[in-house]
Structures are given as structure tokens and as C-alpha cells.
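Undergrad: only the shape, not the letters, is given here:
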């Protein structure tokens, strides 16, 4: 409308640049220490424009959490090919997870550390992502269990073989254990010089697979009597 | 000195009562929502006395974290008998850990959730405890590895058998994975009706032991070529 035509960048593009700058600043400095001045400067925009687009530091942080949570979940989903055997699926999922957290260390710091240490609303955003990943892993374990030697007495009559005798609750617990182990290892791998994402994935695979594998093939570890 | 002799409780005892009330209130309501009024009432003391003894809500919360972190670490250490074989040691440690987190759900909520979601100083307190537990688990894995079939080429000449070829970094990663899995499972077990601490410990043992056991006996899971 105005007399001077300015070359404008679409709002969506600008917003993504602001989020890029914000994720890096929050991840590097921590939520408290990060300043809107710094974020605006890194994004190459004015501070009022950041406030105009993202409203407040809190809203900007929430937008970072949502974008990075979505990105991580999509990366893991994209890494898993459901036509592979269960161990290969798990390996692919772990490789995708650790590759993503290694390539985006600031994003992982925001999700794993920053979002959980600055109050319930932010923590709730991450909890929602975590539930999605736990559900995904649960499904993967259910499929793996189905793929394992089916328990004869549980085989459905004439239909597809059903899962061995792995209680739903046990599967839920295993998924929680696997996700907790992955979170912990990703933070450690990013903080430890020289640990590649492939090594981190292999460590967890070593830790988890034989255990899960044995379990699904009806060879649980037997606790001694009390 | 005064004319009226009042029956006074020793300060140390009063303080523990205040901490008991604070842990329950913080764990139940969350750090933000918990009020000093509520804590004083639950402890059966006046609010000024809480401030006199513990100084501020922040200091009271820090005192809760320190006491509960110490208590949890001591419970796990006390549960492990170092004269047992490695799998029994791990089982004993997991049993102690899950029993403690189940018996003290508010304390676990303070350590695992509250302390990590309200800023760096509190998160740092928990990180210190976590490092201690990771170091303890690392030592346990090192001992387990030593106990496992020693790698012939690594056996020291004429001396005690040395650990198989399990790199220090791999052990550190395994300890991180195990601790992350345990944290995640404890939160899940406390939030899921009907899951006993023994079941949670057995789930993690099943998940972890065969994996660790295979690994220590030189049978790692082999990743496929990329």
C-alpha cells in the first residue's frame, strides 16, 4: 500500500529464523539467562519484531519446544521401516533418535533439560511428546513380541499368531525403560567428546536388545526367592 | 531462664518434621503451588518458625532435595551386598531403589520431577546425586565384567583376571542407560496403579540383565552394515 515497496520476507520464514535463533540461545545459555536481545540479534531482526510475531519469551520458548518435539518425533518415525524385523526396526529407530539429538544438540537441550527445569507448563509440552514416543516404542515392542516365537497356547485358532505371554503392563514398563535409557544416553553422548550417535545407539541396542530378545523368546531373567 | 518452663522439642527434631511436611507438600502439590502456610500447618508449627529454621521457600526446597537425595543413595548402597554375584548385586540394588521410590513417592516426585522443573540451582542438586548413582552403577558393571569370563588375551600374567574388553566409555554409557531406565520406570510405577516395586525391578532386570550379561560374555548385538 505504501509508496516505498520493501522486499519483505514471508512471515512464516521470519518466524522459523527466530525459532532457530531462539533454540540455539535457549540451548546454549539456558532459559533464564537467554535474552530476547540476543535472540533478535542472532535472528537478524529487531526485538520488537520478535515480540510482534512470538508475543513473549514464554510463548517463544513454548513455540521452540513444540517445533523441536515435532521434529524429533518425525525423525524417529521416518527412521523406522516397519517391514524390517524387530531388531532392525529398533536399531533404525535408535539410530534416527541419536542422530537427531546429536545433530541438534541445542534442540535436545531445550527438550530434555530446559523445558523440564522451568515450570509445569513447559514440562507438560515435553511430557506430551514423551507419551507419543513411549506409545510408538510400545507398539514396536508389541510387534516384536508378535514376531518372536509365538506362545503355542496363545496362538489364536486358525488366525494370525498372537503375541507371547508378555503382559500389557510389562510391555508398557519396557517401553518406559527404553525411552528413559535413550533420554539419558542422548544427554551423556552430547556431553561426552568423541561419542558418536552410532556408538550411543549401539550401546543402547547392546543393553536392551538381548534382554528384550530373551524375554520375548520366553527366557526371562529369573529373580531369586526373597 | 524464663519463669515458665516450656517443654521444647530439640531443633533437629523440629526441622525433620518440617522437612517431612515440606517433602509431602512439594511432592503432592508441586513446588509453585505449595504454600509455606500449608507446610507449617502440616508440620504442626507456626509459619514464622519455619522461616526461622529454614530461612525461605527456596532454602527449604533445597534442604528437602538434599535430605531425600542422601536417603535414596544410602538406601541403594545399603541394599547391595558386594559379596554376591553381579546379577544378584544388580537385582538387590534395583529392589532397594524401587522399594525406596515406592515407599517415598513424594520424595521421588521432589527429586525426579520438582527439582528438575524449577530452575538450575535445584536441578544441580539432583544432578550431583545422579552422578553419585551413575558412579556406583558404573563400578557395579566393572565388577560384573571382571566376574564374567575373562578375555584370555587380557588376563594379566599370574595376577587376578582383568575385565574383558569392555571399553571404559562403553561402561559409562551402559551406566547412563541403566540409571535413565530406572528413573523412568520409577516415575511410571508410582503413577500406575497396581505395579509393585518388585515388578518394576523385575522389568528392568529383564530388560537389562540379559543384554548386559551377553555383552560381558563377549556376545554383543551386532549392528547390520549401513
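TA: Good, I have the coordinates. Model, not experiment: these values are computed from the prediction. Numbering: from 1, shown residues only, chains lettered A, B, ... in the order given.

Undergrad: how about the closest residue to residue A:176 other than its chain neighbours, what does it touch?
TA: Leaving aside its sequence neighbours, residue A:176 sits nearest to residue B:188 (CB to CB, 6 or more residues apart in numbering or on different chains; 4.2 Å). To be clear about C-beta, it is placed using only N, CA and C from the backbone, and glycine gets the same treatment. Contact partners of residue B:188, counting by CB atoms under 8 Å, 6 or more residues apart in numbering or on different chains, are A:172-173, A:176, B:195, B:200.

Undergrad: and chain B, is the longest helix along chain A touching that?
TA: Assignment by DSSP state H gives helix A:120-147 as the longest helix of chain A. Yes. Helix A:120-147 is in contact with chain B by CB under 8 Å from any CB of the partner chain, via A:120, A:122-123.

Undergrad: between the residues you listed, which sits nearest chain B?
TA: Taking CB to the nearest CB as the measure, chain B lies nearest residue A:123 of those, at 4.8 Å.

Undergrad: okay, that closest one: pLDDT?
TA: We note a pLDDT of 87 for residue A:123 in this prediction.

Undergrad: with residue A:80 instead?
TA: Per-residue confidence (pLDDT) for residue A:80: 89.

Undergrad: count the residues that sit near residue A:78.
TA: 12 (other CB atoms under 10 Å in any protein chain shown).

Undergrad: what about the residue sitting nearest the centre point of chain A, distance to chain B?
TA: The centroid of chain A falls nearest to residue A:72 when counting by CA atoms, centre = their mean (4.8 Å). Note on residue A:72: its distance to chain B, by CB to the nearest CB, to the nearest Å, is 16 Å.

Undergrad: ok, that residue - contacts?
TA: By CB under 8 Å, 6+ apart, the neighbours of residue A:72 are A:97, A:100-101, A:104, A:107-108, A:111, A:129.

Undergrad: quick check: closest non-adjacent residue to residue A:97.
TA: Per CB to CB, 6+ apart, closest to residue A:97 is residue A:76, 5.1 Å.

Undergrad: give me the next element, helix or strand, following the host helix or strand of that neighbour.
TA: Per DSSP states H and E: residue A:76 is located in helix A:57-79. Per DSSP H and E, the first helix or strand lying C-terminal to helix A:57-79 is helix A:86-103.

Undergrad: residues contacting the next helix or strand after that next one, please?
TA: Downstream of helix A:86-103, the first helix or strand assigned by DSSP H and E is helix A:105-108. Helix A:105-108 has contacts (CB under 8 Å, 6+ apart) with A:23-24, A:26-28, A:68, A:71-72, A:100-101, A:186-187, A:190.

Undergrad: try it again at 10 Å.
TA: Contacting residues not belonging to helix A:105-108 are listed as A:20, A:22-29, A:64-65, A:67-69, A:71-72, A:97-98, A:100-102, A:114, A:183, A:186-187, A:189-191 [CB atoms under 10 Å, 6 or more residues apart in numbering or on different chains].

Undergrad: Throw together a ChimeraX command that grabs the buried residues out of the residues you listed.
TA: ChimeraX command restricting the contacts of helix A:105-108 to the buried ones, with burial defined by 16 or more other CB atoms under 10 Å in any protein chain shown:
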select /A:20,22,23,24,25,26,27,29,64,65,67,68,69,72,97,98,100,101,102,114,183,186,187,189,190
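
Undergrad: distance of residue A:171 from residue A:87?
TA: 16 Å (CB to CB, to the nearest Å).

Undergrad: swap in residue A:194?
TA: Distance from residue A:194 to residue A:87, by CB to CB: 27 Å.

Undergrad: who's more crowded, those two?
TA: Between residue A:194 and residue A:87, counted using other CB under 10 Å, residue A:87 has the larger neighbour count: 20 against 7.

Undergrad: pLDDT below threshold where in chain A?
TA: A:1-7, A:148-166, A:210-226 (pLDDT under 70).

Undergrad: please parse chain A into its domains.
TA: A:9-55, A:65-216 (automatic domain parsing).

Undergrad: I'd say residue A:20 and residue A:63 touch.
TA: No. Here residue A:20 lies out of contact with residue A:63, judged by CB atoms under 10 Å, at a distance of 11.5 Å.

Undergrad: follow-up on the earlier one: mind checking which of the contacts of residue B:188 land in strands?
TA: Nothing among those maps onto strands, per DSSP state E.

Undergrad: thought residue A:42 was touching residue A:24?
TA: Yes. Applying CB under 10 Å, one finds residue A:42 in contact with residue A:24, separated by 6.6 Å.

Undergrad: ok now do residue A:173, which residues does it touch?
TA: When contacts are counted by CB under 10 Å, 6+ apart, residue A:173 touches A:138, A:167, B:181, B:184-185, B:188-189, B:192, B:195, B:199-200, B:202-204, B:206-207.

Undergrad: number of nearby residues for the closest residue to residue A:54 other than its chain neighbours?
TA: Leaving aside its sequence neighbours, residue A:54 sits nearest to residue A:60 (CB to CB, 6+ apart; 4.2 Å). By other CB under 10 Å, 25 other residues sit near residue A:60.

Undergrad: and residue A:60, how far is that from chain B?
TA: Relative to chain B, and taking CB to the nearest CB, residue A:60 is found at 18 Å.
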